[in-house]
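Engineer: all I have is the shape, not the residue letters:
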């Protein structure tokens, strides 16, 4: 990562605040003994998420892409209502 300066907010839309970037042992059996990177990010005070990148040293652009992709996937089902009984 480059600096600890706050990111510039886009003119419109949601923003994600990166809370932490840490290395963790990979849970993938094919990557046993290797390290992954877990990124924890917050989109508002009530919504904090984590995403894991299968890389010990991802670039800043890889981190940003992973957060964007993770949030895009989550937002597809956010606010979805499902019946609890059939």
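Structural biologist: Yes, it's here. What you are looking at is a predicted structure, and each value in this text was computed from that prediction instead of being measured. Numbering: from 1, shown residues only.

Engineer: quick one, strands of this protein?
Structural biologist: All strands of the chain, identified by DSSP state E, fall at 17-25, 35-44, 47-53.

Engineer: possible to save those strands as JSON lines with distance to residue 81 and mean pLDDT?
Structural biologist: Any C-beta I mention is one placed from the backbone N, CA and C, and that applies to glycine too. Conversion of the strands of the chain to JSON lines gives the following (distance: least, C-beta to C-beta, whole Å; pLDDT from 0 to 100):
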{"stretch": "strand 17-25", "distance to residue 81": "28", "mean pLDDT": "97"}
{"stretch": "strand 35-44", "distance to residue 81": "20", "mean pLDDT": "97"}
{"stretch": "strand 47-53", "distance to residue 81": "18", "mean pLDDT": "96"}
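
Engineer: want to throw those into TSV with distance to residue 77?
Structural biologist: TSV is the format used below for the strands of the chain (distance: least, C-beta to C-beta, whole Å):
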stretch	distance to residue 77
strand 17-25	22
strand 35-44	15
strand 47-53	13
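
Engineer: in TSV: these, plus distance to residue 75 and mean neighbour count.
Structural biologist: Formatted as TSV, the strands of the chain follow (distance: least, C-beta to C-beta, whole Å; neighbours: other C-beta atoms under 10 Å):
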stretch	distance to residue 75	mean neighbour count
strand 17-25	16	12
strand 35-44	9	16
strand 47-53	10	15
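
Engineer: of these, which is nearest residue 63?
Structural biologist: With C-beta to C-beta as the criterion, residue 63 lies closest to strand 35-44 of the strands of the chain, at 5.7 Å.

Engineer: show me what that closest one pairs with in its sheet, parallel or antiparallel.
Structural biologist: If you go by DSSP bridges, strand 35-44 pairs up with strand 17-25 (antiparallel), strand 47-53 (antiparallel).

Engineer: tell me the contacts of residue 20?
Structural biologist: 38, 39, 40 (C-beta atoms under 8 Å, 6 or more residues apart in numbering).

Engineer: and those, which is closest to residue 61?
Structural biologist: The closest of the contacts of residue 20 to residue 61 turns out to be residue 39 (C-beta to C-beta; 12.8 Å).
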